[in-house]
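Asker: When you get a sec, could you give me coordinates for this:
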Amino acid sequence: MKSDITVIGGGLSGVCAAVAAARNGKTVALVQNRPMLGGNSSSEVRVWVVGATGHGVNRYARETGIMGEMFLKNQYVNPDGNPYLWDMVILETVRNEKNIQLFLNTDVHEIEADGPESDRVIHAVTGWMMGSERRIRFESPVFLDCTGDGLVGFLAGAKYRIGREAHAEFQEKWAPEEADDITLGSTLLFYTKEVDHPVQYIAPSFAKDITQTPIPVKRVLKSGDSGCHYWWIEWGGEIDTLYDNERIRDELWSVIYGIWDYIKNSGKFDAERMTLEWVGSVPGKREYRRFIGDYVFNQNDIEAQTLFDDCITFGGWSIDLHQKEGMYADNHKSMHYHSDGIFQIPYRSLYSTNVSNLLFAGRNISATHVAFGATRVMGTCATIGEAAGTAAALCVEHGVTPRGLYQHHMKELQQALLWQDASIIGLKHEDTRDLARAATVSASSYISAINIDSPDEKHHLEADAAILVPVDPAITTIEILMDVAEAATVEVELWSTGRPENYIPVQLQVKDAVSVQAGELQWVSFHLPWCPTAAENAFIIVRENNSIHLHLSHKPWSGVLSFLREQKLNVARGLEGLDPNQLVVQWNMRRTVRKPFCVRVQEPMEVYHPSKVIDGYMRPYGGPHMWSATMANGAEWLQFKWDEPVNANEVHITFNDDVNEDLINLHHHRTPFQAIPELVKSYTIEVLRDQEWIAVAEVENNRQRKQVHYFEESIAMQEMRIRCLETNGHSQFEIVGVQIR
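Answerer: Numbering: from 1, shown residues only. Reported below is the predicted structural model:
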């Protein structure tokens, strides 16, 4: 089998790598040793896909690009999180790419590579297709190891590490004084269900008596819980998670059947009609080999949110490290550390330092054990995969090695990722081929003031609350709707967030205190003059006051967020180790997602001006970076006009899909809508011909963030517009970006 690129490993990193390479015009062999795609997220293992949102800790952090497409597709076809339907979402994503040849049940275990230890080259890999008795040799100029365990790179002689680095090597706070072989363990999950009759359970002979372990005392056990509620059924960190995989599986099985024996037969649970529905048989492995690249990503980069010239994606999950004893640990809490916002990941951590044509993606990238604790989650692995696959395509295109791509074509890689709406932040789309950048952009209307005035829910100001509003170019006065039980003085402060990707109060800019009299539904005005040097978010804190109730609206407003400062940290189960002193943890939106406080900023602003669709930013970054029309109850339009006629072959439209919404593929939580309400549902693309607008594309029932329209023949035009007809429920039409070439 000869192709441009061979991707070994069909987890989410391998899937996204293969799809990205295929969409960039290269032929791809995707080789997976299981009967299905998805790795730990598949129905064989059933781990939910988490990523940079950190279960809602980080703002505007949900993945876009290929992973984002699968999130949105799954939300529509599988809102209840059925693991088998998630399998189909992944499989369909791959099968839709004509440039990919998929080889399931194919275990690669032979490598043809040569060259000195410092400069190895892979020529081919060979796999055995189980069930078909076929031995297949895969040959290509570039290989991607997305196997998780890193078997391909290992057999090719790529440098790697296993276990924890010593503190002295990278000066990481969480690293041990001496290096060791400790890793994170593996997990098996199980599902339960309730039936309409009593169910007997007789435990197998190998079931462990968990009353002789710390589990009943240290862990949460509930009869109705399933799947990732039991993420802590983990073991193997003190042994070899690869070599001892069978032993680990048997130990995990013994505990699962022992837990169920305890739930069913101890008399402590209401479980008479509960039964086991499914028990996993493939351990979900967290950690093994980590390859060495030209850069080793480490804890200091996460803490400092290091800005990399070769940034290719971002993460945001906490540094999440578990006790080495796993489920048997007396100290059961995981260690968690969140940076102040999302963190960048460099391209140099995606290719081997000594195997010249090897890229890797997923949990085996070049990172220390501590940093791996944050990069290992599947949403982040998927975006790393898209970056690696795109890089592989460009390596083939230019006939260079992955290192050569870094040395000579780094900006091209970043621009390619931005063009395909991959998860990358802080960089501007600057592709010179983009005709939209040369156009004058106008619109039927745009929002020039913030006016959230529909009170739907009262909130007692028993603790500090905050409102995030975008500022462009300046702010002087803000009005907040409140009920006042008795005369009081309300204190309000305006803070800057420090960095455009962060959503925490960092630097106090101005404050005001206003005396208010008793009364309901009062618009109280605060003088908070601030003129930042560039568009920026203002983090406005309303200090606690027992005499005050604020009002929450149930109508979301893009770019405006509401925060509550937790007095007692209320975090998701499984994140019990979060540090309550971290501002990003203290100030959260768990109770106010899609519920902005009623607030008015009446001064003219350019936050939602139509020109934002060509400002180069494809995600919120110091502001929402989108055009937003004043209403969505009729046709609104976004228009492009050139000084001279242009010829267009394709139009890319990126709609707002509220990347603040924390979607999930399985059963962690249920999102109440199948399509993101902010997405434009129906629209047309029109060009002006002889003073008449002619439709060249029409779309109904859109449920995706990005739509690309290709034209068989170039369209000559001097004026083009996108006419928005209907949303999926939002009150405004919103477009993030438009590219034309």
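
Asker: so where's the stretch 201-350 of the chain uncertain?
Answerer: Scanning the stretch 201-350 of the chain for pLDDT under 70 picks out nothing.

Asker: go with 80
Answerer: When residues are selected by pLDDT under 80, those of the stretch 201-350 of the chain lie in 332-334.

Asker: Given whichever strand in the chain runs longest, what are its sheet partners and their directions?
Answerer: For the chain, the strand that runs over the most residues, judged by DSSP state E, is strand 706-727. Applying DSSP bridges, strand 706-727 is found paired with strand 636-655 (antiparallel), strand 680-689 (antiparallel).

Asker: does S731 sit in a helix or strand, and which one?
Answerer: Under the criterion DSSP states H and E, no helix or strand holds S731.

Asker: er, E44 I mean
Answerer: Going by DSSP H and E, E44 is not in any helix or strand.

Asker: picking up where we left off before, okay if I get the strands paired with strand 706-727 as TSV plus mean pLDDT?
Answerer: What follows is the strands paired with strand 706-727, written out as TSV (pLDDT from 0 to 100):
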stretch	mean pLDDT
strand 636-655	97
strand 680-689	97
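
Asker: for the ones you listed, which one ends up most surrounded?
Answerer: Ranked by average neighbour count under the criterion mean count of other Cβ atoms under 10 Å, the strands paired with strand 706-727 are headed by strand 680-689 at a mean of 20. All C-beta atoms are positioned from the backbone trio N, CA, C, and that covers glycine.

Asker: what's next to it, contact-wise?
Answerer: 651, 653, 655, 675, 693-703, 709, 715, 717-728, 733-735 (Cβ atoms under 8 Å, 6 or more residues apart in numbering).

Asker: ok, Y347 - contacts?
Answerer: With Cβ under 8 Å, 6+ apart, Y347 has these contacts: F308, D310, C311, I312, A387, A391, L405, Y406, M410, L413.

Asker: swap in V542?
Answerer: Counting by Cβ under 8 Å, 6+ apart, V542 makes contact with L461, D464, A465, A466, I467, I480, V490, E491, V492, I548, L550.

Asker: Who is it paired with across the strands?
Answerer: A465, V492.

Asker: Which residue is the nearest non-sequential neighbour of V699?
Answerer: What sits nearest to V699 in space, not counting adjacent residues and going by Cβ to Cβ, 6 or more residues apart in numbering, is Y683, at 5.6 Å.

Asker: do P216 as well
Answerer: Nearest residue to P216 in three dimensions, chain neighbours excluded: I210, at 6.0 Å (Cβ to Cβ, 6+ apart).

Asker: Helices along the stretch 351-500 of the chain, start to end?
Answerer: Taking DSSP state H, counting those that start in this stretch to define them, one finds helices in the stretch 351-500 of the chain at 369-375, 378-398, 402-408, 410-419.

Asker: which residues in the stretch 1-150 of the chain form strands?
Answerer: 5-8, 28-31, 100-103, 106-114, 121-129, 134-139, 142-145 (DSSP state E, counting those that start in this stretch).

Asker: Mean neighbour count, distance to S349 and mean pLDDT added to these, as a markdown table?
Answerer: Formatted as a markdown table, the strands of the stretch 1-150 of the chain follow (neighbours: other Cβ atoms under 10 Å; distance: least, Cβ to Cβ, whole Å; pLDDT from 0 to 100):
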| stretch | mean neighbour count | distance to S349 | mean pLDDT |
| --- | --- | --- | --- |
| strand 5-8 | 31 | 18 | 98 |
| strand 28-31 | 28 | 22 | 98 |
| strand 100-103 | 20 | 25 | 98 |
| strand 106-114 | 17 | 21 | 97 |
| strand 121-129 | 20 | 19 | 98 |
| strand 134-139 | 15 | 25 | 98 |
| strand 142-145 | 32 | 13 | 98 |
